[in-house]
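Chemist: have a look; sequence and predicted model below, questions after that.
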Amino acid sequence: MSVLRPDESSARELAGLEAGAPRPPTWDPVTGDGTLTSDPATRAPLVLGNRDFHSVTETVCGYIEKGPGRWWLPAFIVSAKVAGLMPLMIGYLIITGVGVWGLNNQVDWAWDITNFVFWIGIGHAGTLISAILCLLKQKWRTSINRAAEAMTIFAVICAGTFPGIHIGRVWMAWMLFPIPNSNAIWSNFSSPLLWDVFAVSTYATVSLLFWYMGMIPDFATLRDRAALRLIRDGSGGEKLPVLGFQVDRLRANIYGLLSMGWRFSSRHWHTYEKAYLMLAGISTPLVLSVHSIVSFDFATSVLPGWHTTIFPPYFVAGAIFGGFAMVLMLLIPSRELCPGMKDLITRRHLENMAKIILLTGMMVGFAYFMEFFIAAYSGNKYEADVFVYNRLMPPFLAEHIGDGRYAPYWWAYWAMIFCNVVTPQVFWFKWGRQSVPVIFAVAFFVTIGMWFERFVIIVTSLHRAFLPGEWHMFFPTLVDILTFVGSCGTFLTLYLLFMKFLPQFAMSEIKAVMPQADPHGHHHDDRHGGGHGHGDGHGHDHGSKHEPATPRQGGEA
Amino acid sequence: MSKKIYKTEDGRGVYGVMAEFPDTPTTFHAAEKVRDAGYSAWDVYSPFPIHGIDEAMGMKASKLPLLVGVMGLLGASLGFAFQYFVRTDYAIVHQGKPADAWQVLIPVTFEFGVIFTAFSALLGMFVWNQLPMWHHPLLKKERFLRTSDDRFIIAVEATDPKFDPEATRAMLTKAGATRVELVEE
C-alpha cells in the first residue's frame, strides 16, 4: 500500500476511517474544515466528525425529535405572519379586481408573471441537484438533495399561485384545463400558455413524487425510532400540549403510514434504486422542458425583446443559477443554526455550489450579451431600440451619446447586470468561493438579480412596444409588493415546517456514500484495497475473520 | 418434497430466523454464502442499499424499467390522441395554425409521457415490492427495528425449501452473525 499524503491521512481521520488527534476546535483558515483540498488526488470526505451510521441518524432525526433549535419558533411565527399577507392580498384582489395591481393597458403582465417565473426558476435547482447530479453520480449531492427538493416543491407552490390569480376572473381558472363545458369550446393546445399549465402541473407532480419516494426510507427510520422508544417506556414519553396524544405514538403512526411499511429489504432496495434512477432520468428532460416552455410564453410572441430563439436555454441556465442561489441562502443559515449540520454540509459542498453559480452565471451573462449582438446583427430596428432605449441607456450617458433618449428602467437593467454578471465573478478566486460569508452575499445578490432579470424581460419589453401612443410606465402598488412579500413568507414558512417535521437529509443516501458502507472493507483490509470484484474466493476466506469470539444467540427456538 | 411447517413451543408459526451482522463487508460476504448455500426465500436488510448486494444475493435484473418505458410511451400516445381529438372536435383556427397540425402538440405530449413514467415508476416500485405492507413479522422484532439506523440483518424464511432451524442457524453463525434469533409470525 502506498504512503499516505499528510492531507490524505487527515481527510481519512476526519471521515472516521482512522482514529487520530481530536479535531481542532477552530477551522484552519487555509483548508476550512478539512474538505477544501486543492489536491485532485484527494477525495474530500463527505461526512465529517468521525461519524458512524448511528450518529448520522441521531443528528438528522434529532432535528425532528428534539427540534431544529430554539430559534425555530420565533422564526416560524415571524415568517408565518409575513405569509399571512399573501391570502390577505389575494382575497383583496379577488373581491376588488386586478385594478388593485399597477397594471395598465400596455403593461398587462408585470409583478404577477415576474414572480411566477422567479419562483418556478428557483425550483429548478432542486431538480437539478436531485436528478441531474444523480445521473452524473455526484456523491456530494446526497447531503443537499432533500432540502433542495423541498425548496422546489415550495417554490412551485408559490409560483403556481400567480398565474392562477392573474387571470382576472379567478373563478374561471378551471378553464385553464381541458374540461368539457356547455359551450363545447376546448382549451387552445396551440398556445404556449396552455403548454405552461401542463408543464408546471407535471413538474409539481413529478417533483412531489420524487421527493416523497426519496423520503420513504427516512420515514421508516423515524417510525422505527419512535417504535423503539415506545417499547422502551410504553407509558411515558412526551405528550402533545392540548390534545394529549403521545408524540411518539403519533410519530410511529404517521411516519409509519407514510413509510408504506418499508423494511429496508435489499430486494426492495433493488427495485427502489431502479425506480429512483428512472425518476431521475425522466426529471432531467422535464426540468429542461419546464423552463423552456415558460420561455415560450414570451419567445413565441412578436414583441421585440421577447421574440428571440435564445430564450429556452437562457431561461434554463438562469433558473438553475437563481435556484442554486436560493439553495445556498437556505442552507448556509441552516448549517449555522442546526447542531451538527456542518458535518453533513461541508465547506466543500458550498464551494461546489459556488462553482455551479459561477458557471451558470457566465451562461446567463453570455445570453445577455448575445441578445444585444443579435439585435444589432439582425438589423431589426425595433429589437435594437428595445435593448438600447428600453433597457440599457442610463440618463447620464444619454446626454452625451445618441439622440438624448434614455431607458426609463435603466436602473433595473443595470441592477440585473451587477447582481447576475458582476458579483459571481468573485468565485473565480479561491478566497471568494471558499468563504461562507462571501458565498452568502453573492447568493443574496443573485436572488435579487434574477428577480430583476424577469422584471426587465417582462416590463421593459412591454412598456414601450411598437406604437409610441401606447407607451406607459409601470409602477407597482402596495398590493403588488405585499403579495410578493407574502409569497416569500409562504416559501419560508413551508421550509421551516419542513425543517421541523420532515427529514432534512436523505439518511440512507448519506450512509451509502460513507466509507463504512463499502462492502469491500475499509478499516481492516488493505489486501482488497481498490479491488471491486465480487469474487467468491475473496469473499469466503474473508468472512472467517469476523467470526465473533463468543457468539451470542437468541434462545427462542 | 413435502413442505414442513415449523411451530414455536407455544404454538405460533415460524416466519424464519434473523441473523445480525456487525458491518457492511461481513454482511456482504455472508450474503454470498447464503446464496451459495442455495437458499431462495431470504433477504438482506440494511440501512442503505449496499453496493453490489444484488449480485451477492443472486438477484435477477428488475423488469420495472420495461413497465415504465411502456407506460411512458402509452402516456405520450394518449396525450397526443387527446389533444388531436380536442383540436379537431371543435376546430377553431388559432394563430393561423391548422387544426390538425401535429407540431404544436409535442410539448403537452411530452408532459403526458413524463407524468405516466413518473407514476408508473413509483407505483410499479410499490407493486413489485408488495408495498404498502404495514404489518410484517420482522417489524415486530425489537432488534430488527435498528436496521433502519445502523444494523445489518439477514433473514431466512421458513418457507424456503432448504430452511432448517438448526442448520440455517449454524450456517448464519459461521458466516459471521453476532446474534441469531427466531422470528415468530
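Modeler: Sure thing, it's come through.

Chemist: all strands for chain B, in order.
Modeler: Assigned strands in chain B, in chain order: B:14-21, B:42-45, B:152-157, B:179-184 (criterion: DSSP state E).

Chemist: what residues does the first one touch?
Modeler: Yep, that's strand B:14-21 we're talking about. The contact list for strand B:14-21 (Cβ atoms under 8 Å, 6 or more residues apart in numbering or on different chains) reads A:557, B:6-8, B:27, B:30, B:41-42, B:137-138, B:141, B:143-144, B:151-160, B:163, B:165, B:168-169, B:172-173, B:175-185. In short, each C-beta sits where N, CA and C put it, glycine included.

Chemist: of all the strands of chain B, which lies closest to residue A:123?
Modeler: strand B:42-45 (35.0 Å; Cβ to Cβ).

Chemist: please save the CA atoms from that closest one in CSV.
Modeler: Coordinates of the C-alpha atoms in strand B:42-45 are reproduced here as CSV (Å, rounded to 0.1, in the frame of the first residue of the first chain):
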residue,chain,number,x,y,z
TRP,B,42,-34.2,-14.9,2.2
ASP,B,43,-33.3,-11.3,2.3
VAL,B,44,-30.6,-8.8,3.5
TYR,B,45,-31.8,-5.8,5.5
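
Chemist: helices or strands up against that strand?
Modeler: Secondary-structure packing of strand B:42-45 (3 or more Cβ pairs under 8 Å, 6 or more residues apart in numbering or on different chains; DSSP states H and E): helix A:266-299, helix B:24-36, strand B:152-157.

Chemist: the ones you listed into TSV, with extra columns for mean neighbour count?
Modeler: TSV is the format used below for these (neighbours: other Cβ atoms under 10 Å in any protein chain shown):
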stretch	mean neighbour count
helix A:266-299	22
helix B:24-36	24
strand B:152-157	25
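
Chemist: closest to residue A:76 out of those?
Modeler: Using Cβ to Cβ as the criterion, the shortest distance between residue A:76 and the helices and strands packed on strand B:42-45 is 29.7 Å, found for helix A:266-299.

Chemist: residue A:103 versus residue A:163, what's the distance?
Modeler: Applying Cβ to Cβ, to the nearest Å, one obtains 14 Å for the distance of residue A:163 from residue A:103.

Chemist: nope, residue A:210 is what I was after
Modeler: 36 Å.

Chemist: correct me if wrong: residue A:279 contacts residue A:208.
Modeler: No - using Cβ atoms under 8 Å as the test, residue A:279 is too far from residue A:208 to be in contact (11.2 Å).

Chemist: tabulate the helices and strands packed on strand B:42-45 (a markdown table), appending mean pLDDT.
Modeler: As requested, the helices and strands packed on strand B:42-45 are arranged in a markdown table below (pLDDT from 0 to 100):
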| stretch | mean pLDDT |
| --- | --- |
| helix A:266-299 | 93 |
| helix B:24-36 | 91 |
| strand B:152-157 | 93 |
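
Chemist: which stretch among the ones you listed comes nearest residue A:61?
Modeler: Between residue A:61 and the helices and strands packed on strand B:42-45, the tightest spacing by Cβ to Cβ is seen for strand B:152-157, at 19.1 Å.

Chemist: for the closest one, which outside residues touch it?
Modeler: Counting contacts by Cβ under 8 Å, 6+ apart, the residues outside strand B:152-157 that touch it are B:15-24, B:26-27, B:30-31, B:34, B:39, B:41-47, B:138, B:143-144, B:147, B:163, B:168, B:172, B:175, B:177, B:183.

Chemist: paired strands for it, with orientation please.
Modeler: As defined by DSSP bridges, the strand partners of strand B:152-157 come to strand B:14-21 (antiparallel), strand B:42-45 (antiparallel).

Chemist: so it versus strand B:179-184, what angle?
Modeler: Inter-element angle recorded for strand B:152-157 and strand B:179-184: 40 degrees (by axes from the mean of the first three to the mean of the last three Cα atoms, to 10 degrees).

Chemist: neighbour count winner among residue A:210 and residue A:103?
Modeler: residue A:210 (28 against 22; other Cβ atoms under 10 Å in any protein chain shown).

Chemist: take the strands of chain B and write them to CSV, including distance to residue A:430.
Modeler: Formatted as CSV, the strands of chain B follow (distance: least, Cβ to Cβ, whole Å):
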stretch, distance to residue A:430
strand B:14-21, 44
strand B:42-45, 44
strand B:152-157, 41
strand B:179-184, 50
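
Chemist: and the pLDDT for residue A:554?
Modeler: Residue A:554 carries a pLDDT score of 35 in this model.

Chemist: with residue A:22 instead?
Modeler: The model's pLDDT for residue A:22 equals 45.

Chemist: for residue A:178, grab the count of nearby residues.
Modeler: Burial measure for residue A:178: 18 neighbouring residues, criterion other Cβ under 10 Å.

Chemist: what strand or helix carries it?
Modeler: Residue A:178 belongs to no helix or strand when elements are defined using DSSP states H and E.

Chemist: that one and chain B, how far apart?
Modeler: In this view, residue A:178 and chain B are 6 Å apart by Cβ to the nearest Cβ, to the nearest Å.

Chemist: how about that residue, what does it touch?
Modeler: Neighbours of residue A:178 in contact, by Cβ under 8 Å, 6+ apart: A:186, A:187, A:189, B:82, B:86.

Chemist: from residue B:6, how far out is the residue nearest to the second one when sequence neighbours are not counted?
Modeler: So that's residue A:187. Distances taken as Cβ to Cβ, 6 or more residues apart in numbering or on different chains put residue A:178 closest to residue A:187, at 4.5 Å, once the chain neighbours are dropped. Between residue A:178 and residue B:6 the distance, using Cβ to Cβ, works out to 59 Å.

Chemist: residue A:127 too?
Modeler: Per Cβ to Cβ, residue A:127 is found 49 Å from residue B:6.
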